[in-house]
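Q: sharing a model that was predicted from the sequence below.
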Amino acid sequence: MSDPILLSDRRARTRDQLLAATQSLLAEHTAGSLGIRQITTAAGVPYGAFHTHYSSIDALIQDLARLIFTSQTMLVERLREEFSGPAETFSAITRQTLRIVTDGPGYGRMLFDAGLPLDWFMSGMRQTLHADVSAAGQWGVFKIDNIDITVSLVVGAIAGAGVDLHRGVLDRSAIEPVTARLLGFLGLGEEEAMRMAHVEMSFTPPPPLPLSWLDLAAIQRQEWGVG
């Protein structure tokens, strides 16, 4: 009889092979152009292994988007340990998020060119920032009339800056001024916004592509004792 733990590990490795192959293919192709046999051949797994894990390519792409979002959430959680105030945390999260594009080779294409569902990125940012913006508003640090509208505008601005960083319209030196403008939009004075946007912080580079669920689980066990 097969060891259920080994069988589970084998299934997880096969799933990650499919995800890794898809990420490699997306360096040159778009999600809508991929075929199942193309993916399984690149992954080095039997054609039938695909449907053991995913009902369709769309389901695989959704899982890949979730994987990328989860890896970025892990980076953000490190910042929550470093900064206590919601305004400082917002500034740090914004700067770290934009550095995904400038400091993570391949992430810009994966997020904006490869055809992954951008709403994962947008909704993930919204979920991440909503609590910090709301808390800063309640403490009187940010001036907010409508939290939902405010967060939507902020997330749109960050996503737009991310696209422009990827396209080369903005360069890396624009990250702090963009952050300062957002802090000003949220109600901070110009001098305070610039100061907060340039606070010393430790930036963690995003994990190199291709990502895998097993690698993320190993990082969680190592750093937080999770899993």
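A: Sure thing, it's come through. Keep in mind it's a predicted model, so treat the numbers as computed, not measured.
Q: any low-confidence regions in this protein?
A: Within the chain, the segments meeting pLDDT under 70 span 1-8, 223-227.
Q: rerun at 80
A: 1-8, 219-227 (pLDDT under 80).
Q: can you give me the domain boundaries for it?
A: 1-54, 66-203 (automatic domain parsing).
Q: so which of those comes closest to residue 217?
A: domain 1-54 (8.7 Å; CB to CB). (C-beta placed from N, C-alpha, C; glycine too.)
Q: packing partners of the host helix or strand of residue 40?
A: Using DSSP states H and E, residue 40 sits within helix 36-43. If you count contacts as 3 or more CB pairs under 8 Å, 6 or more residues apart in numbering; DSSP states H and E, helix 36-43 packs onto helix 4-25, helix 49-53, helix 57-82.
Q: just give the closest residue to residue 90, not the sequence neighbours.
A: residue 132 (4.6 Å; CB to CB, 6 or more residues apart in numbering).
Q: between helix 57-82 and the helix or strand harbouring residue 95, find me the angle.
A: Using DSSP H and E, the element containing residue 95 is helix 86-103. Orientation check (axes from the mean of the first three to the mean of the last three CA atoms, to 10 degrees): helix 86-103 against helix 57-82 gives 130 degrees.
Q: give me the buried positions along helix 86-103.
A: Of the residues in helix 86-103, 86-102 count as buried by neighbour count, 16 or more other CB atoms under 10 Å.
Q: alright, calling it a day.
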